[in-house]
Every structure is written in C-alpha cells, then in structure tokens.
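>>> Could you work out the structure for the sequence below:
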Amino acid sequence: MTNNELSRRNFIGKTTAAIAGAAIASGSAPLSAVSYERVIGANDRISIGFLGCGARGNGHQNMVKMSEKDKNLGVVAVCDIWNLNREKAAASCKKLFGNEVKQFKYSEELLAMQELDAVMIATGDFQHAKILAEVVKAGKDCYCEKPMATDIEDAKLARNAVLSSKQVVQMGSQWVSDPMQLKVRDIIRSGKLGQITKIEQVWNDNNPRWHVPSDPDVATIREVDTDWNRWLLGKPYVPFDPWKYFEFRIFRDYSGGITSQWMSHGAGLVHFYTDSSIPDSMVAHGGIFGWPDIRQNPDTFQALATYDEKKFLYSYTSNYANKFGDYSCIRGKEGTLFAHGGEGSPRWFFIPEQQDLPGGFDFYEGMKETIKNKKAEIVTTEEYGMKMGPVSLSDDSKYHLDNWIDCMRNRSQVPNGHIHTGFWHSIASIMATRAYREGKKLYWDRMKEEIVDHTVS
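All right, here's what the predicted structure looks like:
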C-alpha cells in the first residue's frame with residue numbers, strides 16, 4: 001500500500017499535518033503569495049463564492065443558508081460561464097442572503113478576490129479536478145462536488161495540488177458526515193458484525209435520468225452567451241452542443257454516468273464504513289436497455305469489486321427502469337447491517353446472524369414484534385431522536401457543510417470528506433467505467449498507481 005492509500009485510521013493519525021498544509025506528494029508549482037494573505041480567525045465571517053451555478057449550485061446555496069447564522073457565513077460572488085446562470089444565481093443569492101454579490105464569467109476572476117475565503121464547485125464531472133487544483137493554488141479553501149475526477153491523471157493533479165497547499169478541502173460526498181452513517185461505521189469498527197465478506201448496494205430509479213427532452217436550458221442557450229472552448233477544458237474539440245453542455249452525465253467523454261454520479265457515493269461509503277481505499281479488482285456489465293435516447297452511458301449497470309486486504313466483495317447495482325427494492329446490505333459472519341432505501345438512506349437495522357429467518361427480509365414484517373423479539377435492532381442516534389430514520393434525505397447536508405466550516409476554523413482538523421476520500425472514490429468509479437467499456441477485469445496497481453488488465457503481484 002502506498003503512502004497515498006493509507007487506511008482512514010492511519011491517515012487520520014499520520015497525515016493530518018499534510019491536509020493542514022505540509023507539502024507532500026508535490027509536483028505542483030509553488031503557491032503564490034495570495035495563498036497566505038487571508039487567515040480566518042475563530043470569529044471572522046467566512047466569505048464564500050459559488051463556482052458553477054446550475055442545479056447543484058442551487059443546492060450549495062441552500063446548504064450555506066442553513067448554516068449562515070450559526071457558522072457566521074457570507075456569500076460574496078457567483079461564477080459561471082453562461083450569463084443566464086450567473087444572473088439567476090446572483091438574483092437567488094440576493095433573495096436568500098439579502099446582499100448583492102459579484103458576478104464573474106471566469107474562475108480566475110473570482111479567485112482574484114482578496115476577500116474570498118472559500119469556493120464551492122458545482123461544475124461538470126470532468127471539470128472538478130482541474131478547477132479544484134486551480135482553487136487551492138489561489139489560496140482558497142474548497143468544497144468540491146463528486147466525483148472528484150473522471151480521469152486518473154486529473155485525480156492525481158487534484159490530490160497533489162491539495163496536499164501541496166494549506167487549504168481545507170471537503171469532497172461533496174455528504175453522507176460521510178451524516179450521524180447515522182457515522183453510527184454504522186462505529187458498529188462495524190466494534191466488531192459486532194464479525195468478519196465482513198460482502199457489501200451490496202442496490203440503488204434504482206425509474207425515469208430517463210439526466211436527460212430531459214424538453215429541457216428549457218437547451219432551448220435557451222446560445223453559443224455566444226457562454227464559452228464552449230472553456231467548457232471543454234482540454235477535451236477534444238467538437239462543435240457546440242447544448243445537450244452535452246447541460247446533460248454531460250449521459251455522454252461518455254464527460255462522465256461515466258451511473259459510475260461517476262452514484263457509484264462514487266457508493267464506493268466512498270464502502271471505504272468510509274470499512275476503513276479501506278481503492279478496490280484491487282473490478283468487473284462490470286450493463287447497457288442502455290430502458291431509455292434508448294441520446295445517451296451514451298448505460299441506464300442499467302452492475303459492478304463487482306474485491307478488496308483483498310479486507311477480504312470482501314463489493315457489489316454495486318443501479319437500474320433506471322425500475323425503482324423497487326433499494327437497499328444497502330453489509331454482511332458479516334455474526335450479523336448484518338441492512339438499510340431500507342437508496343443512496344444515503346439512514347433507515348438502518350442490525351440483524352443478528354444466529355437466528356431462523358428463512359426469508360431474510362422477514363425481519364421487516366411486524367416491526368414492533370421484530371424489535372421486541374430481537375430479530376432486528378433499529379440503528380439510530382440522538383440526532384434522529386433515537387427513532388428509525390427515513391428512507392431518503394436531501395443532498396443538501398448541513399452536517400457536511402458544518403464539518404467543512406469547522407475544519408476551516410480549526411486548521412488542524414481533517415474534514416470527513418478529505419482529499420484522499422476523493423482520490424479513492426474517483427479511482428473506484430474510473431475502474432468501473434473502464435471495466436464496463438472495455439469488457440475486461442481490471443486491477444489497481446498500488447505501487448505504480450495505475451489501472452492494469454492483469455493481476456498485480
């Protein structure tokens with residue numbers, strides 16, 4: 001295992017200084033003087049800018065609004081290369097926060113603001129890593145949406161830039177700050193499940209996910225109102241295409257689709273629960289079965305990965321033509337942790353293994369009797385009122401934003417979604433994307449940090 005793939009426990013103990021500012025795993029140019037000009041005090045207002053002002057950017061505004069008063073936050077700027085998005089975001093900020101904000105077309109203009117402390121990135125999947133590197137090199141703290149990267153070299157670029165900086169970076173994998181998911185991790189760490197040999201995630205939907213045939217933005221945008229070459233950000237040039245601009249998740253060159261969006265969350269949670277990192281091997285299959293429209297990425301997908309050191313199999317499945325039966329299941333020799341619901345569901349149960357449950361899911365019938373007879377235990381926390389959690393939550397997590405803000409004020413504290421978690425989930429999702437597209441079983445070479453098509457000794 002390389003230094004960059006230390007387990008979470010070792011990471012917290014050994015590399016806190018790196019996240020806080022030690023220059024390790026460099027390869028990036030020295031930081032400019034602006035990086036050191038603004039030191040956030042314990043009581044200072046933290047000034048935030050939004051970079052990328054689409055739907056997820058609106059979510060970022062909501063998150064900041066939830067913590068505006070108790071965390072002493074202010075919003076000072078929005079940035080988007082499409083003029084209409086910029087104007088809408090500025091108007092929304094005026095309504096939410098009561099002040100005018102500056103508007104910028106280009107990120108370098110935003111990052112030149114001396115009063116700007118932090119940036120929240122909500123751009124296209126393939127753009128995240130390069131923009132993250134740009135943000136931290138400018139001396140700004142950053143909240144970066146997942147996936148961190150869709151390309152290995154971009155993932156390394158972002159990781160090295162962050163580790164060579166003094167900036168506090170939070171990946172937008174919000175579930176790792178949710179109290180229920182923290183409780184699940186504590187149960188696993190306690191050994192209550194015994195040896196874990198398999199983790200399953202089945203997260204579904206039933207609609208043409210990420211494709212809106214009557215998308216008003218597609219009808220509205222004109223090439224002259226944006227910067228197509230800037231949007232491509234190094235990708236091979238193709239003529240301006242508003243479908244790719246807004247629905248990048250369904251096109252191969254700009255996203256893995258299910259792997260980049262949903263499996264990045266799934267793999268990130270697996271790493272979080274088990275104190276593990278990148279899979280050792282990956283196979284994947286699927287296709288465009290339910291929604292044969294303009295999409296290039298699959299609407300039905302399954303991946304299987306192995307984690308050799310921890311000795312377990314990881315199964316990830318998504319289907320966009322049937323949403324019945326979402327669940328997550330962590331199988332140990334002594335017990336099972338089962339979540340009813342899809343991504344981020346906090347409705348968890350512990351089911352002891354040594355009992356007669358012929359149908360398995362029988363534990364869910366007659367819940368009061370089930371709990372009384374100890375067929376299952378509800379997993380809960382004080383934050384959830386010691387009650388059973390719902391089957392779904394909003395992506396706009398106050399817990400995750402607050403964790404980032406607290407780490408910004410306490411520069412030695414490591415965010416729950418630290419930069420290594422972003423690297424790990426990126427490589428897992430990239431492996432799955434490539435395994436599907438190449439029809440191969442792929443492996444991760446931990447020493448060379450490469451995806452290969454042969455076993456690694």
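
>>> roughly how far apart are the closest residue to residue 314 other than its chain neighbours and residue 71?
Closest residue in space to residue 314, ignoring its immediate chain neighbours: residue 305 at 4.4 Å, by CB to CB, 6 or more residues apart in numbering. (Each C-beta comes from the backbone N, C-alpha and C, glycine too.) According to CB to CB, to the nearest Å, residue 305 and residue 71 sit 37 Å apart.

>>> With neighbour numbers in mind, choose between those two.
residue 305 (26 against 18; other CB atoms under 10 Å).

>>> contacts for the helix or strand where the more buried one lies?
Residue 305 belongs to strand 300-307 when assigned by DSSP states H and E. Here strand 300-307 makes contact (CB atoms under 8 Å, 6 or more residues apart in numbering) with 257-259, 263, 267, 270, 274, 276, 279-290, 312-321, 428, 431-432, 435-436.

>>> Just the buried subset of those residues, please.
When the contacts of strand 300-307 are checked for burial by 16 or more other CB atoms under 10 Å, the buried set is 257-259, 263, 267, 270, 274, 276, 279-284, 286, 288, 290, 312-314, 316-320, 428, 431-432, 435-436.

>>> Flag the shaky bits of the stretch 301-450 of the chain, pLDDT-wise.
Scanning the stretch 301-450 of the chain for pLDDT under 70 picks out the ranges 366-368, 370-372.

>>> ok, 90 please
354-376, 412 (pLDDT under 90).

>>> Show me the strands in it, by range?
Taking DSSP state E, counting those that start in this stretch to define them, one finds strands in the stretch 301-450 of the chain at 312-319, 327-332, 335-340, 348-352, 377-379, 442-445, 450-452.

>>> Please produce TSV containing these, extended by distance to residue 103.
Output for the strands of the stretch 301-450 of the chain, formatted as TSV (distance: least, CB to CB, whole Å):
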stretch	distance to residue 103
strand 312-319	37
strand 327-332	41
strand 335-340	42
strand 348-352	43
strand 377-379	45
strand 442-445	42
strand 450-452	40
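
>>> between those strands, which one is nearest to residue 126?
Judged by CB to CB, the one of the strands of the stretch 301-450 of the chain that comes nearest to residue 126 is strand 450-452, at 17.1 Å.

>>> The closest one pairs with which strands, and in what direction?
Strand 450-452 sits in its sheet next to strand 442-445 (antiparallel), going by DSSP bridges.

>>> List the contacts of the strand it pairs with.
Contacts for strand 442-445 (CB under 8 Å, 6+ apart): 278-283, 427, 431, 434-435, 450-456.

>>> repeat that for 6 Å
278, 280, 281, 282, 431, 434, 435, 451, 452, 453, 455, 456 (CB atoms under 6 Å, 6 or more residues apart in numbering).

>>> Of those residues, which is the nearest to residue 162?
residue 278 (17.4 Å).
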